[in-house]
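[1] Fold the following, please.
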Amino acid sequence: MIDTHARVYVAGHRGMVGSAIVRALTARGYDNLIVRTSTELDLRDNRQVAGFFSETKPEYVYLAAAKVGGILANSTLPAEFIYDNLAIQTNVVHQAYLHGAKKLLLLGSSCIYPRDSPQPMKEEYLLTGPLEPTNEWYAVAKIAGIKMCQAYRRQYGCDFIAAMPTNLYGPNDNFDLQTAHVLAALLRRFHEAREQGTTPILWGTGAPRREFLHVDDCADACLFLMDRYSDAMIMNVGTGKDIAITELAALVAEVVGYRGDVHWDRTKPDGMPRKLMDCSRIAALGWSSTITLREGLLATYQWYTRSAGPQSAAIP
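    Below is the predicted model of the structure:
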């Protein structure tokens, strides 16, 4: 187990995943957390990152900082998605190595797997086929981060690991409709439809199936892996259950209290037909999710109406 007095750096602590990791660490008694906002430390700037690591010398690093977004954001900002994520990962991983960090955990994404990957997706399916075109820029960057961790482990003996969470949601999610992921976008669209008496317009056919993990469960898994896992192989983190987007929309409408019609814009892309993680490896280590989709949605909607309202939530 990691000493609770150890210097622990959480990169991206104001984002959805990073803030959940900070909550989990604090709840477990970690009292030497290191955090910086993006205005205090631009992780894309190697000189700034080098100076930060030289000054603070973190022993453990959670790399949760990333530029993230849904299909629309990936489609319209491909250069930013690949550049920002490559730069962040390159700088943090390299400086963690140079300054002797004992362990680093890189947060990846289920979008690293091929578009037509067999389901559920096993860790071994990485790089076995073409990526989903609607998010390939982000996926390519994350794959590079994974390979960087594996390379530094092989050449320098660094204890750098990578976790691949499924679709996440929860407090501090991004509710900006231009850049949000599907679940946050659905919550906001149904909320506004109820408030304004309009009909929500949803993208695609609703046929794709997706798996959703509450971010507090993800944070719990990250702490679990930091304590108990050390291997070059990536580790899937999810619930092992998926749901059709049409069913998800109905559940969100129920949680929000919207009882009207829904219009599906079939001219918009669906993305991957299905994304379900095979989580048997982390389950074999003794970890599983505990927050159901319904209770997680309800808690997230309560947080949204209380903390974010119609504005976008905190973004890393």
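[2] List the contacts of Ile88.
    Counting by C-beta atoms under 8 Å, 6 or more residues apart in numbering, Ile88 touches 11, 43-44, 63, 65-67. In this view, the C-beta of every residue, glycine as well, is placed from N, C-alpha and C.
[3] quick check, it in a helix?
    Yes - per DSSP: H, G, I helix; E, B strand; the rest coil, Ile88 lies within a helix segment.
[4] The residue lying closest to Thr128 once chain neighbours are set aside: how many residues sit nearby?
    Sequence neighbours aside, Pro114 is the residue nearest to Thr128 in space, at 5.7 Å (criterion: C-beta to C-beta, 6 or more residues apart in numbering). Around Pro114 there are 17 other residues, counting by other C-beta atoms under 10 Å.
[5] what sits against Pro114?
    Contacts of Pro114 by C-beta under 8 Å, 6+ apart are 125, 127-131.
[6] three-state assignment of His94?
    Secondary structure for His94, judged by three-state DSSP, is helix.
[7] Most neighbours among the contacts of Ile88, which one?
    Per-residue neighbour counts (other C-beta under 10 Å) across the contacts of Ile88 peak at Ala11, which has 30 neighbours.
[8] So what does that one look like in phi/psi?
    Per-residue torsions, Ala11: phi -80, psi 130 (degrees, to the nearest 10).
[9] Across the sheet, point out what pairs with it.
    Residues in a beta bridge with Ala11, per DSSP bridges, are Leu63.
[10] and it, what pLDDT?
    Ala11 carries a pLDDT score of 98 in this model.
[11] mind putting the contacts of Ile88 in TSV, secondary structure and distance to Glu254 included?
    Output for those, formatted as TSV (DSSP: H, G, I helix; E, B strand; the rest coil; distance: C-beta to C-beta, whole Å):
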residue	secondary structure	distance to Glu254
Ala11	strand	36
Leu43	coil	39
Arg44	coil	41
Leu63	strand	36
Ala65	coil	34
Ala66	coil	31
Lys67	coil	32
